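>>> Need the 3D shape of this:
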Amino acid sequence: MVANYLTKLALFAAFVANSVSAGCTAERDATAHFQVLSYNDVYEMSPDSDDSQYGVLVGGPSRVIPIAKKLRQNFENSLVLFAGDTMAPSLWSGQFKGLQMIEAHNALGVDFACLGNHEFDFGIEGFLNVSVASKFPWLNANVYEAATGKLLRGTKPYDVKIFNSPTMGSIKIGVFGVLYDMQDTSLSLTWTNPIDAANAVAKTLREQENVDFVIALTHQNIDDDNTFSSKVKGVDLIYGGHDHTVQLQTNYGATFLKSDTNFRSIWISDIKYYAPVVVNTVKKNAFSKMSHKNLQITGAMPTDPTFDGKINEYSDKIAELFKRKVGSLCAPTDLTKNLVRKSDCPIGHFFTDALMNFYGKIKPNAAIMNGGGIRTEKVWPAGDITLGDIISWDPFGNIITIIETNGDSLKRFLVNQLQGNCGDNVINANGQYTHNAGFYFDFKCTGPSTGELVTAKWNNIIGDDIQDTDKVTLAFSDFLKGLFNNVKGTTSKDIISIREGARFEVVLEAYIKLQEGNLVCPNSNPVRGPAPIGNLFADALLTYYGKVSITASVMNGGGIRTEKKWPAGPVTVGDIISWDPFGNIITIVETNGATLKLFLQSQMVQSCDSSSLIANGFYTHIGGLYMDYICISKKLDSSKTYNGLT
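Have a look, this model is predicted:
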């Protein structure tokens, strides 16, 4: 099987070479002939599926390594090119920071690579570790470090490959790389326009390096590659990444190709180059002829035994890493399907709160998690939890995305999801139940697979109804995004796309690290608020005067004292006096909503310093209501009554 398959590959290349040269024999023979193996967007060392599934696309570098080796063996003039994105996201990347994938690229004998957006998931230092381990250059013509204004360390704008083969001819090939502008200042990077950078470096390659053929490696959306291929001069061929789909485009300018993700397919290109010549005093320009084959990587193809051993080594390492403690549960936590698939629950809050807090540069105002995505079917005891535990809670490897949509689309999606839970006088535990953060709702089943959204309100100070025109920045998994897109009448645009997002276990672990002492205490309240001690004070105010029904209470943070973390155990009268030592008298007033909001605004704005809160005692704890407050300036603007109060 191995010999037969690789022989077919060689025969394909020979056939292409013969057919190309036959088409141009009347003019002149080719000056040089070379082969290219290309791929992009690869994150997994192991194949996607069971080897026994004959003919199914399984991918994996171990099946591509024999092809690359045979290419080198059969063709002296050959290149292996990688068009970016490898450090994340994958289950293993979260632990090995992308270094495990460099083992694959090195084994493939990559000649040149360009940057992908995921090369910065672990910051500049994470990429520098990867670049040092790489046995190939990373080409980058447009990404700079903000601190120095210099090209990103560990990269170079272009490189040159010279072939001098007695059988395949001589040619000088220039290669460069560009990455789309990620517009993410948190990475401490800046980007120049890819087209401007490409035109400049292509000119350098042509006029200073005197190359015969120019290849661009790009990592950007297909629309950008369409524009790139038409506007960049001096480029003969483009290998791109970022879209995770197979593409060959010839309609705009220079041909560009993209492969499927995770080695499910690769491109094999056969290229013949014809140098400029003078015939009867007439100069004939250089040109090239190309043929490209998209090669699907299936379970029928052989693997590389040496690399299989390397995969096993990493598998053993990850098994140990799964035992790593990431935090502790403070109380027994229910993850059984009868809870998570039928009702609001603390673990659902934990998942959605994590979604709200992961992407620092973008703050969603809504998050959704489907009950079917929460697994293990057990009540977890209080105590330590490991990386393997949180992976088991959501074992699907989903990517967390953020979209911008509107209130109407959000409500349409909620109805579409929740009515699937409606059975014949029962709630079906089919996984469609929706856990949420940033808003809350009531849904009523009216019959089998039918129901209505009774209320849908924001978690803000007055519980505003979600209006159809409200702007919604929604965080959820790529699985739910696919369902959202299929609901009639919904509209959205990507803020964090599937190609840019992080895996769910990475999001959960990051949220655990935000908790004091890494202690996980999932909130039981569907409307989550600030510090528990503030809630205790405010709730006490609501319940003391039995003869008067109180609808709201307010406590300033500066009134809560002792500046310590109190241990679990008995408290005395002296203790609670020390919590508020000022001898304040509790009063009740009758007012209206406008006055209450103005008071909250006047208090909270004094805690604002630029876009953050300062600990000056004005922060307001509340009972009977809830609010979201965003600092947008330090000074209260009297012309904007509720400036900042959302």
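
>>> Domain-wise, how is this protein divided?
Domain ranges of the chain: 2-317, 322-520, 532-623, per automatic domain parsing.

>>> can I get those domains in a markdown table with mean neighbour count and mean pLDDT?
Every C-beta, even on glycine, is put in place using the N, C-alpha and C of the backbone. Converted to a markdown table, those look like this (neighbours: other C-beta atoms under 10 Å; pLDDT from 0 to 100):
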| stretch | mean neighbour count | mean pLDDT |
| --- | --- | --- |
| domain 2-317 | 19 | 90 |
| domain 322-520 | 18 | 92 |
| domain 532-623 | 13 | 80 |
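
>>> just so I have it, where are all the helices in the stretch 201-350 of the chain?
222-231, 305-321, 337-340, 346-357 (DSSP state H, counting those that start in this stretch).

>>> export those to a markdown table and tack on distance to Asn106?
Shown next, in a markdown table, are the helices of the stretch 201-350 of the chain (distance: least, C-beta to C-beta, whole Å):
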| stretch | distance to Asn106 |
| --- | --- |
| helix 222-231 | 27 |
| helix 305-321 | 10 |
| helix 337-340 | 43 |
| helix 346-357 | 35 |
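
>>> so which of those helices comes closest to Leu115?
For these, proximity to Leu115 was assessed by C-beta to C-beta; helix 222-231 is nearest, at 14.6 Å.

>>> and the closest one, what does it pack onto?
With contacts defined as 3 or more C-beta pairs under 8 Å, 6 or more residues apart in numbering; DSSP states H and E, helix 222-231 has these neighbours: helix 194-207, strand 213-219, strand 237-241, strand 247-249, strand 255-258.

>>> Let me have the ones you listed in CSV, adding distance to Val178 as columns.
Shown next, in CSV, are those (distance: least, C-beta to C-beta, whole Å):
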stretch, distance to Val178
helix 194-207, 4
strand 213-219, 5
strand 237-241, 10
strand 247-249, 17
strand 255-258, 12
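
>>> how about these, which one is nearest Leu115?
Taking the helices and strands packed on helix 222-231 one by one with C-beta to C-beta, strand 213-219 is closest: 6.3 Å.

>>> same for the closest one, what does it pack against?
Counting by 3+ C-beta pairs under 8 Å, 6+ apart, strand 213-219 packs on strand 78-82, strand 112-114, strand 169-179, helix 194-207, helix 222-231, strand 237-241.

>>> Adjacent strands (with direction) for the shortest one?
If I follow you right, that is strand 112-114. Strand 112-114 sits in its sheet next to strand 78-82 (parallel), strand 138-139 (parallel), going by DSSP bridges.

>>> ok, residues contacting the shortest one?
Residues outside strand 138-139 that contact it (C-beta atoms under 8 Å, 6 or more residues apart in numbering): 112-115, 131, 154-159, 175-177, 217.

>>> Please apply the same query to the longest one.
The list of residues contacting strand 78-82 from outside it, by C-beta under 8 Å, 6+ apart, reads 34-40, 42, 68, 71-72, 105, 108-114, 136, 161, 173, 175, 215, 217, 239.

>>> now that strand and strand 169-179, what's the angle there?
Relative orientation of strand 78-82 and strand 169-179, computed by axes from the mean of the first three to the mean of the last three C-alpha atoms, to 10 degrees: 0 degrees.

>>> what's the angle from strand 78-82 to strand 237-241?
Using the same axes, to 10 degrees: strand 78-82 against strand 237-241 is 40 degrees.

>>> Past strand 78-82, which element shows up next along the chain?
helix 93-96 (DSSP states H and E).

>>> Quick one: list the elements packing against the helix or strand that that next one is followed by.
Heading C-terminal from helix 93-96, the first helix or strand you meet, by DSSP H and E, is helix 99-108. Under the contact criterion of 3+ C-beta pairs under 8 Å, 6+ apart, helix 99-108 touches helix 61-74, strand 78-82, helix 123-133, helix 305-321.

>>> and those as CSV, adding distance to Trp191?
Listed next are the helices and strands packed on helix 99-108 as CSV, based on distance: least, C-beta to C-beta, whole Å:
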stretch, distance to Trp191
helix 61-74, 29
strand 78-82, 20
helix 123-133, 14
helix 305-321, 33
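
>>> between those, which one is nearest to Phe476?
helix 123-133 (25.6 Å).

>>> mind checking how far the closest one is from the chain centre?
Distance, stretch centre to chain centre, for helix 123-133: 19 Å (C-alpha atoms, centre = their mean, to the nearest Å).

>>> That helix vs helix 99-108, what angle?
Per the same axes, to 10 degrees, the angle that helix 123-133 makes with helix 99-108 is 30 degrees.

>>> other SSEs contacting helix 123-133?
helix 99-108.

>>> And the contacts of the helix it packs on?
42-43, 45, 61, 64-65, 68, 80, 82, 86-87, 92-93, 113, 129-130, 133-136, 304, 306-307, 310, 314.

>>> Roughly how far does the residue nearest the centre of the chain sit from Leu335?
Compute the mean C-alpha point of the chain, and by C-alpha atoms, centre = their mean the closest residue is Gly501, 0.8 Å away. When distance is defined by C-beta to C-beta, to the nearest Å, Gly501 is 23 Å away from Leu335.

>>> again, but for Tyr180
Separation of Tyr180 from Leu335 (C-beta to C-beta): 39 Å.

>>> what does Ala88 give?
Taken as C-beta to C-beta, the span from Ala88 to Leu335 is 26 Å.

>>> Chain neighbours aside, what residue packs nearest to Pro381?
Pro332 (5.6 Å; C-beta to C-beta, 6 or more residues apart in numbering).
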